[in-house]
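No letters, just coordinates:
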RNA sequence: UGGGGGUUGGUCUAAUGGUAGGACGACUGACUCUGAAUCAGUUAGUAGGGGUUCGAAUCCCUUACCCCCAGCCA
């Protein structure tokens, strides 16, 4: 940030002050995921704040895996986390760290604290520790083991490290204040005994540091100037500072901000895990999931996610961002980047009775009106076409600009056609619409200048491709599924129509070469992305998001 | 009834004692070979009550409501 740029939020403001008053002379931040799950849109906010803020100040940012609990963490997640962060467009270069890299240093520092009389080995059981901790309104009381000698503590701690004691039998605790109003300061546990295999350190350790003991020191070791985190850690800041001060090491500044919540979405790791394990969705990258891998598969461009995070802003106010803002950001990018294509989702046969049988014409269509460099393509036109079933009405309502008996419309990039007749089957279902075309209107322009109100899309019946189309919608039908009345859970509010399979669609032939990851606008319908399940013989599209539809809104009134 | 945070239109967020502004949404209208996009406009807010001040979203007092903390999770 230059001298005159205004800080865009309270964190940048605080950092700017730190720089101006000399507390720090450069900026280093970090994103510290625990490798025990997939990243979701809430993490994206944290990443954008952590990394984006460093970029604003021309600083550096580290990726550090917070792997202090071996029984919960796996290498698999390390890889997916890295992939997702790269997808967002961040490059942490060679600054990839692991809290487990610091286990030796952390151990030495623990010894130092013991020597200073600031830590002790406690033999209390987990239950006893809880009892001794007191409650929110009552102070705790000191453990009977709190005043052991430094020598005894040193000896016991070393034996803990050497594996002489079973899991849960003893812990190392910071000696602070059992009567503190802040429960985090009531002699918090620093180390626990866990005879567990760690994904990086293997079986070297059988004691592992707790988050509170590891995090601040890891920040300090890396020279992180600003440790930006969730509001939940606000109450931990005194402890964060306490360890750093007792150790006399580089003092990182922790600043907390409100985590992201998104309407019609759930972001709790536990709930997401439940959705996957109970098969309410098809895995972590199901396109309905708020995970970055899910959004990527759904077809959300990474720029849209970034733009959304920018627009949501940074504050300490706990809030629920509106999913319609995210959808706006997705459409905004896709509108500029996605090539247009004609696909009939719910086909109805249209026969042009005065068009020569067997004739095919190649009509020129614009690929992207927002981007001239995208060029044009040729689309085959013939006597029998498919149009969208909802684009024909036997008895058109007011302001219906599409096809109806006697009404003329434009077939996009084709001809003007006028409906002359239609065919119904014994159930009363319309099976075919007949019309005549005006040969003078080739390409969609009329030489006499007459106007048509409607333009509809179409696909030539003989040339049409078929595909599997997966229509996705929001996963929940209430704004805050994580917060529901007594006796209900978020599972009661899953949208039963969040996924709908369509095997009937007719696609224009240019789509034959579509590859996984390609994104298109199906004109007048929505944005669709080619799924990773797609093959040349069996195309699969995911509906990313529909187009805005004011006609639908008019009808709902 | 402990400690720590928070409260600005429907939603998110600015305004740092001096005109309460923006974005999304919603609603109008214009334009349009996508009922999309675009453009123009409308709607709507400082949690309540007191005080300080020429002037308060901002400072003070007070009330209410919301969130976090009692893992050997992070």
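Ah, there it is. Not measured: the values here are computed from a predicted model.

Contact residues of the stretch 101-250 of chain A facing RNA strand B?
A:124-126, A:129-130, A:133-137, A:167-171, A:181-184, A:188-189, A:192-193, A:208, A:210-212, A:215, A:231-236 (C-beta under 7 Å from any atom of the strand). Just so you know, the C-beta spots here come from the backbone N, C-alpha and C atoms, and that holds for glycine as well.

just checking, which of the residues you listed belong to helices?
For those, the ones inside helices are A:126, A:129, A:130, A:211, A:212, A:215, with DSSP state H as the criterion.

top of those by neighbour count?
Most neighbours among those, by other C-beta atoms under 10 Å: residue A:215, with 26 neighbours.

end-to-end on stretch A:452-460?
By C-alpha to C-alpha, to the nearest Å, the extent of stretch A:452-460 from end to end equals 22 Å.

Narrow the residues of the stretch 101-250 of chain A next to RNA strand B to those that are buried.
By neighbour count, with 16 or more other C-beta atoms under 10 Å, those hold A:124, A:129, A:133-134, A:170-171, A:184, A:188-189, A:192-193, A:208, A:210-212, A:215, A:233, A:236 as buried.

Okay, and which of the residues of the stretch 101-250 of chain A next to RNA strand B map to strands?
A:171, A:189, A:192, A:193, A:208 (DSSP state E).

Would you mind confirming that residue A:490 makes contact with residue A:264?
No - look at residue A:490 against residue A:264 with C-beta atoms under 8 Å: they stay out of range, at 11.0 Å.

one step back: and the ones in strands among the residues of the stretch 101-250 of chain A next to RNA strand B as CSV, adding pLDDT?
Supplementary listing: those in CSV, determined by pLDDT from 0 to 100:
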residue, pLDDT
A:171, 98
A:189, 98
A:192, 98
A:193, 98
A:208, 98
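
quick one: which of these is nearest to residue A:519?
Checking these against residue A:519 by C-beta to C-beta gives residue A:208 as the nearest, at 44.2 Å.

Against residue A:106, how distant is that closest one?
Distance from residue A:208 to residue A:106, counting by C-beta to C-beta, to the nearest Å: 10 Å.

quick one: low-confidence parts of chain A?
A:1-5 (pLDDT under 70).

what do you get if the cut-off is 90, keeping everything else the same?
A:1-7, A:73-74, A:76, A:449, A:484-488, A:555-557 (pLDDT under 90).

Run through the residues that contact the closest residue to RNA strand B within it.
Closest residue of chain A to RNA strand B, C-beta to the nearest atom of the strand: residue A:444 (2.1 Å). By C-beta atoms under 8 Å, 6 or more residues apart in numbering, the contact list for residue A:444 reads A:410, A:411, A:412, A:413, A:414, A:415, A:416, A:455.

again, but for residue A:490
A:266, A:271, A:476, A:481, A:482, A:484 are the contacts of residue A:490 under C-beta under 8 Å, 6+ apart.

what sits against the most centrally placed residue in chain A?
By C-alpha atoms, centre = their mean, the mean C-alpha position of chain A lies nearest to residue A:41, the distance being 3.0 Å. For residue A:41, the contacting residues are A:260, A:262, A:265, A:267, A:290, A:291, A:292, A:295, A:305, A:326, by C-beta under 8 Å, 6+ apart.

for residue A:291, same thing?
Counted by C-beta under 8 Å, 6+ apart, residue A:291 has contacts A:38, A:39, A:40, A:41, A:272, A:284, A:285.

got TSV for those residues, with distance to residue A:12 and secondary structure too?
Formatted as TSV, those follow (distance: C-beta to C-beta, whole Å; DSSP: H, G, I helix; E, B strand; the rest coil):
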residue	distance to residue A:12	secondary structure
A:38	29	coil
A:39	24	coil
A:40	25	strand
A:41	22	helix
A:272	31	helix
A:284	33	coil
A:285	33	coil
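
Can I have the buried ones of these as a ChimeraX selection?
Command for ChimeraX, covering only those of the contacts of residue A:291 found buried under the criterion 16+ other C-beta under 10 Å:
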select /A:38,39,40,41,272,284,285
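
would JSON lines of the contacts of residue A:291 with distance to RNA strand B be doable?
Below are those laid out as JSON lines (distance: C-beta to the nearest atom of the strand, whole Å):
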{"residue": "A:38", "distance to RNA strand B": "14"}
{"residue": "A:39", "distance to RNA strand B": "13"}
{"residue": "A:40", "distance to RNA strand B": "14"}
{"residue": "A:41", "distance to RNA strand B": "14"}
{"residue": "A:272", "distance to RNA strand B": "14"}
{"residue": "A:284", "distance to RNA strand B": "18"}
{"residue": "A:285", "distance to RNA strand B": "22"}
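
Name the nearest of the contacts of residue A:291 relative to residue A:358.
Distances from residue A:358 to the contacts of residue A:291, taken by C-beta to C-beta, are shortest for residue A:285, at 46.3 Å.

quick one: the closest one and residue A:294 touch, right?
Yes - Residue A:285 lies in contact with residue A:294 (C-beta under 8 Å); the separation is 5.1 Å.

can you give me phi and psi for the nearest residue to residue A:339 once chain neighbours are set aside?
Nearest in space to residue A:339, with sequence neighbours left out and distances taken as C-beta to C-beta, 6 or more residues apart in numbering, is residue A:367 at 4.6 Å. Main-chain torsions, residue A:367, degrees, to the nearest 10: phi -80, psi -40.

How about residue A:379?
Torsion angles, degrees, to the nearest 10, at residue A:379: phi -120, psi 130.

In this structure it contacts residue A:367, no?
No - Residue A:379 lies out of contact with residue A:367 (C-beta under 8 Å); the separation is 10.8 Å.
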